[in-house]
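>>> got a predicted structure here, sequence first:
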Amino acid sequence: MANVQSAAVFEYERQLNKIGKPVDRKEWGMTPPTINAYENPQNNTINFPAGILQPPFFDPATDDAVNYGAIGMVMGHELTHGFDDQGRKFDAQGNLKDWWTEQDAKAYEQRGKCISDEYTGEVAELGRLTRKNNGDEESSEHYARVLDLNLVLLRAERETALSLRAAGRISDETLRQIERELDLRESELTLDAEAGA
């Protein structure tokens, strides 16, 4: 118990000593073995500790599709946070400054409502409908989940088309048509994210 108290006092004093000093932009908010990731708007960074850069989230020896579906979704998820209702509050230098227009905010709320509605409702627990979720409580997390999945699916479709062309199963013209369609869909997703969709 004494070690826990000493560690808490040490950390408290370490945090207090930061007051009035420049921000250490190289300091991480997670330890290397942590299996997680985060977006830090004050440093304008996305951080992936070593713990998440190993199987099952990432494996350089596995198929690209597996990595897209695992670490690709994590990366897309964290990237999305830079453009959500929380990321909007920080500019590119990490200053607390809302960079959305009033129109952007209204568009985000409108489009985000369908996502929060999707995440609001009864949740089955042990086979019974016992818990009610409020989709508005973590709207930025829900939005990130939807966008990251869409970006990963687009990348997987692009890789599939390239593999089909390499195998001679589709023509160059078909590949160009597929790539134009995927580019358009990716642009729409990116514009939605930048507009705070």
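Ah, there it is.

>>> all strands of the protein, in order?
Under the criterion DSSP state E, the chain contains strands at 38-40, 45-47, 121-125, 128-133.

>>> would you mark the buried spots in the biggest helix by length in the chain?
In the chain, taking DSSP state H as the definition, the longest helix is helix 139-166. Burial within helix 139-166, assessed by neighbour count using 16 or more other C-beta atoms under 10 Å, is assigned to 139-140, 142-148, 150-155, 158, 161, 165. For glycine as for every other residue, the C-beta is placed from the backbone atoms N, C-alpha and C.

>>> V66 reaches D59, doesn't it?
Yes. Taking contacts as C-beta atoms under 8 Å, V66 lies within contact range of D59: 7.1 Å.

>>> any figure for the gap between W28 and D148?
22 Å (C-beta to C-beta, to the nearest Å).

>>> no, scratch that, I was asking about V66
V66 is 16 Å from D148, where distance means C-beta to C-beta.

>>> so what's the residue nearest in space to the middle of the chain up against?
By C-alpha atoms, centre = their mean, the mean C-alpha position of the chain lies nearest to H77, the distance being 1.5 Å. Neighbouring residues of H77 by C-beta atoms under 8 Å, 6 or more residues apart in numbering: 37, 144-145, 147-148.

>>> pLDDT and distance to D117 added to these, as CSV?
Formatted as CSV, the contacts of H77 follow (pLDDT from 0 to 100; distance: C-beta to C-beta, whole Å):
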residue, pLDDT, distance to D117
A37, 95, 27
A144, 76, 17
R145, 73, 14
L147, 73, 16
D148, 71, 19
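
>>> from these, which is closest to L53?
A37 (9.3 Å; C-beta to C-beta).

>>> quick check: the closest one touching T45?
No. With contact defined as C-beta under 8 Å, A37 does not count as touching T45 (10.8 Å).

>>> contacts only, for H81.
39, 41, 87, 140, 144.

>>> for it, which non-adjacent residue is closest in space?
E39 (4.0 Å; C-beta to C-beta, 6 or more residues apart in numbering).

>>> that neighbour bridge partners, please.
E39 forms beta bridges with I46, as assigned by DSSP bridges.

>>> state the distance from it to E157.
Where E157 is concerned, E39 sits at a distance of 25 Å (C-beta to C-beta).

>>> what of G20?
Note on G20: its distance to E157, by C-beta to C-beta, is 51 Å.

>>> so in the protein, where's the weakest helix or strand by average pLDDT?
strand 128-133 (a mean of 60; mean pLDDT, DSSP states H and E).

>>> tell me where the model's unsure across the chain.
Within the chain, the stretches with pLDDT under 70 are 122-138, 142, 186-197.

>>> A37 and T45 - which one has more neighbours?
A37 (19 against 16; other C-beta atoms under 10 Å).

>>> mind listing what the more buried one touches?
With contacts defined as C-beta under 8 Å, 6+ apart, A37 is in contact with 46-49, 52, 74-75, 77-78.

>>> done for today, thanks.
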